[in-house]
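Q: One predicted model, sequence on top.
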Amino acid sequence: MDFDLTPVFQIGAVGFITAILHTVLKQAGKEDIAHWATLVGFIIVLYMVAHFIGDLFTEVKRVFLFN
């Protein structure tokens with residue numbers, strides 16, 4: 001059984017970049033923009049997770065319906 005860790009690294013990279021962007025903007029005194037950037041990063045991660053869960057359900061359906 002082969003495990004693909006690419007999605008984990010992609011989500012981690014988005015989180016890391018979002019955290020750095022939030023810190024830089026907050027230090028620059030742009031707290032409102034920092035919060036919006038964090039929200040956008042969160043939405044991107046939610047979209048990625050929804051896509052991966054959709055792929056998971058497709059795979060489960062393929063396995064159990066023998067298609």
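A: Perfect, I can see it now.

Q: what sits against Ala37?
A: Taking CB atoms under 8 Å, 6 or more residues apart in numbering as the contact definition, Ala37 lies against 18, 21-22, 25. Backbone N, C-alpha and C define where each C-beta goes, glycine included.

Q: Pro7 - how many residues pack around it?
A: Neighbourhood size, Pro7 [other CB atoms under 10 Å]: 13.

Q: element containing it?
A: Per DSSP states H and E: Pro7 is located in helix 6-27.

Q: C-terminal to that helix, what's the next element?
A: For helix 6-27, the following helix or strand on the C-terminal side (DSSP H and E) is helix 31-65.

Q: how far off helix 6-27 does that next one point, in degrees?
A: Per axes from the mean of the first three to the mean of the last three CA atoms, to 10 degrees, the angle that helix 31-65 makes with helix 6-27 is 170 degrees.

Q: next one: helix 31-65 to chain centre, how far?
A: In terms of CA atoms, centre = their mean, to the nearest Å, the centre of helix 31-65 is set 6 Å apart from its chain centre.

Q: average pLDDT for that helix?
A: Summarised as a single mean, pLDDT over helix 31-65 is 93.

Q: Go through it and flag the buried ones.
A: Neighbour counts over helix 31-65 (16 or more other CB atoms under 10 Å) mark 34, 37-38, 41, 44-45 as buried.

Q: Equivalent analysis for stretch 5-25, please.
A: 14, 18, 21-22, 25.

Q: contacts for that stretch?
A: So stretch 5-25 is contacted by 31, 33-35, 37-38, 40-42, 44-45, 48-49, 52 (CB under 8 Å, 6+ apart).

Q: can you rerun that using 10 Å?
A: Stretch 5-25 has contacts (CB atoms under 10 Å, 6 or more residues apart in numbering) with 30-42, 44-45, 48-49, 51-52, 55.
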